[in-house]
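Q: just coords:
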């Protein structure tokens, strides 16, 4: 009898494979980074072939390190960076172009045109999303319009589309030799092409982007007892394992944080930040700049929805300090450097490298560091960078409360930045509520594993998963209300300085 469940976590900067036991404990992992391709300002790409090669490598290494084979896994789940779009040839398996990453802003004119003529309001109503460079629809349109031969290939059914989940599932199940072309409701809900009520591609929305329906994958539940397919004997697992779960990374983290009840929320700290609030089976339309999205769909049960606040640049701002400015040698050093000063010294950093996402949705914004004087040092900038992560999360929490009426009593957190204890203390101080981190901080992979295991009966119920959740650390607010509101007022002032920088 198989004792473990595997999960592929294909992220923005790296891909990992993790193996979990019945208690939700990590028993193995391997992780590899992939290249960030930046052809020009505002363009961000990945090589889909490299991503598939890295995925294969991390699976093989993790399994070999633990001495496991395919028979040891009850199921396999996939979770992925959402909105990152791949178009490839179903006959040759070769991508027509690099994957266009969710951070990419080249489609700003497409998004602006949608809003100018009223189509944006239809997208908001049907898809729950504002027209924005963030989502997949504009990226597909750009490839169709700018890469030779793709339009004709799409019309004939030869060129097919998927976010990175679809690309990996296709390759894991055989690729050109019968690979399945599918996605799940959570990833489909990030395209501007799926109707939230029907959970199917919408012809009117497709017409806005002039996208042939034949390009699109079949939409399936996030956790599917009928399974999507099996891994191939010649693939990285070396044998057949049922593929039974597929969720966008933030929805997977919500499952990993066991936020199964209406009103429960989590915040994931990665390349960007993503706060999701479970709204149950109700579609809650945001009036405050949030996204309405599918949270998950478990088998034949009704879809569960969420309000989401998506923030483009948080952890990647720390990477910027390392890679572009060179003031730290590694992400962990940001905590020590920021701790050298007691406060930000009046410096505020708004890292609007890809415009501003929730709740502003301003593609014309660009990053700004304000409040500088001769007194300030690199330590103040490091502290302002960590504070920017937390202030952006407060922006989203405020919008979430306005839309839902739910006031957070505690914020469940996960992701790489939660290892930065100073940053988590800042988050508690800036929000004014306790911050709680679970024992397993990599809840994205855990959520994909949970969804996969639920589909095969490895775990019987979501209550069983709740019993696995344990708190590792909690941070409580130390700032006064006056200090908190003064800091937030200055943050809002700094945000205003970033707007109207790019002519759209």
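A: Perfect, thanks for sending it. Computed from a predicted model, the values in this text were never measured in an experiment.
Q: The helix or strand hosting residue 399: what's the following helix or strand?
A: Taking DSSP states H and E as the definition, one finds residue 399 inside helix 378-404. Proceeding N to C from helix 378-404, the next assigned helix or strand is strand 411-414, under DSSP H and E.
Q: Which SSE is immediately downstream of that following strand?
A: Counting by DSSP H and E, the next helix or strand C-terminal to strand 411-414 is helix 421-431.
Q: Distance from the chain centre to that next one, please.
A: Centroid separation for helix 421-431 versus its chain: 22 Å, with Cα atoms, centre = their mean, to the nearest Å.
Q: Now the following helix or strand past that helix: buried residues?
A: Next helix or strand after helix 421-431 toward the C-terminus (DSSP H and E): strand 435-438. For strand 435-438, burial by neighbour count (16 or more other Cβ atoms under 10 Å) applies to 435, 436, 437, 438. For glycine as for every other residue, the C-beta is placed from the backbone atoms N, C-alpha and C.
Q: Stretch 85-101 now?
A: In stretch 85-101, counting by 16+ other Cβ under 10 Å, buried: 85-90, 93, 95-101.
Q: average pLDDT for that stretch?
A: The pLDDT scores in stretch 85-101 average 98.
Q: do the same with stretch 399-407
A: Mean predicted confidence for stretch 399-407 is 89.
Q: cool, and stretch 344-364?
A: For stretch 344-364, the mean per-residue pLDDT is 92.
Q: got the end-to-end distance for it?
A: One end of stretch 344-364 sits 26 Å from the other (Cα to Cα, to the nearest Å).
Q: Name the residues of the helix holding residue 399 that are buried.
A: By 16+ other Cβ under 10 Å, the buried positions in helix 378-404 come out as 378-400, 403-404.
Q: what's it packed up against?
A: Packing partners of helix 378-404 (3 or more Cβ pairs under 8 Å, 6 or more residues apart in numbering; DSSP states H and E): strand 265-269, strand 273-280, strand 304-311, helix 315-320, helix 333-338, strand 348-350, helix 421-431, helix 481-496.
Q: any idea how far it is from the chain center?
A: For helix 378-404, the distance to the chain centre is 18 Å (Cα atoms, centre = their mean).
Q: What angle do helix 481-496 and that helix make with each other?
A: Relative orientation of helix 378-404 versus helix 481-496 (axes from the mean of the first three to the mean of the last three Cα atoms, to 10 degrees): 90 degrees.
Q: what angle do helix 378-404 and strand 265-269 make?
A: 150 degrees.
Q: For this structure, which residues score under the pLDDT cut-off?
A: Applying pLDDT under 70 to the chain flags the ranges 504.
Q: Put together CSV for the helices and strands packed on helix 378-404, with distance to residue 360 and mean neighbour count on each row.
A: Conversion of those to CSV gives the following (distance: least, Cβ to Cβ, whole Å; neighbours: other Cβ atoms under 10 Å):
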stretch, distance to residue 360, mean neighbour count
strand 265-269, 18, 27
strand 273-280, 14, 25
strand 304-311, 10, 26
helix 315-320, 16, 22
helix 333-338, 25, 20
strand 348-350, 10, 25
helix 421-431, 18, 22
helix 481-496, 7, 15
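Q: And the ones you listed: which comes nearest residue 68?
A: Of all the helices and strands packed on helix 378-404, strand 265-269 sits nearest to residue 68, with 27.7 Å by Cβ to Cβ.
Q: on contacts alone, who are the packing partners of that closest one?
A: helix 249-256, strand 273-280, helix 378-404, strand 411-414, helix 443-456.
Q: same thing but at 7 Å, please
A: Applying 3 or more Cβ pairs under 7 Å, 6 or more residues apart in numbering; DSSP states H and E, we find strand 265-269 packed against helix 249-256, strand 273-280, strand 411-414.
Q: closest one to residue 367 among those?
A: Using Cβ to Cβ, the nearest of the helices and strands packed on strand 265-269 to residue 367 is strand 273-280, at 15.6 Å.
Q: Paired strands for that closest one, with orientation please.
A: Neighbouring strands of strand 273-280 in its sheet, by DSSP bridges, are strand 265-269 (antiparallel), strand 304-311 (antiparallel).
Q: what's the next secondary structure element after it?
A: strand 291-296.
Q: roughly how far is that following strand from the heart of the chain?
A: 12 Å.
Q: go on, stretch 6-15?
A: In terms of Cα atoms, centre = their mean, the centre of stretch 6-15 is set 11 Å apart from its chain centre.
Q: Could you work out the end-to-end span of that stretch for me?
A: 13 Å.
Q: which other residues reach that stretch?
A: For stretch 6-15, the external contacting residues (Cβ atoms under 7 Å, 6 or more residues apart in numbering) are 16-19, 31-34, 36, 51, 54-55, 58, 73, 76-81, 101, 164, 168, 249, 270-271, 444-445, 448-449, 452.
Q: can you redo the strands paired with strand 273-280 as a markdown table with distance to residue 215?
A: Listed next are the strands paired with strand 273-280 as a markdown table, based on distance: least, Cβ to Cβ, whole Å:
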| stretch | distance to residue 215 |
| --- | --- |
| strand 265-269 | 30 |
| strand 304-311 | 25 |
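Q: just the buried members of the contacts of stretch 6-15?
A: 16-19, 31-32, 34, 36, 51, 54-55, 58, 73, 76-81, 101, 164, 168, 249, 270-271, 444-445, 448-449, 452.
Q: Could you pick out which of these are located in helices?
A: 51, 54, 55, 58, 164, 168, 249, 444, 445, 448, 449, 452 (DSSP state H).
Q: Just send the residues you listed back as TSV, with distance to residue 218 too.
A: Below are these laid out as TSV (distance: Cβ to Cβ, whole Å):
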residue	distance to residue 218
51	22
54	26
55	21
58	27
164	17
168	16
249	21
444	24
445	24
448	19
449	23
452	18
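Q: how much space between residue 397 and residue 410?
A: 12 Å (Cβ to Cβ, to the nearest Å).
Q: meant to ask about residue 493
A: 29 Å.
Q: Next: residue 449.
A: 24 Å.
Q: among the buried residues of stretch 85-101, which two are most distant?
A: 90 and 101 (22.5 Å).
Q: Need the residues that contact stretch 84-103.
A: With contacts defined as Cβ under 7 Å, 6+ apart, stretch 84-103 is touched by 12, 37, 44-49, 81-83, 134, 136, 139-140, 142-143, 147, 150, 153, 158-164, 167, 175-176, 312, 354.
Q: Among the residues you listed, the buried ones, what's the ChimeraX command?
A: The ChimeraX selection below is limited to those of the contacts of stretch 84-103 classed as buried (16+ other Cβ under 10 Å):
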select :12,44,45,46,48,49,81,82,83,134,136,139,140,142,143,150,153,158,159,160,161,162,163,164,167,175,312,354
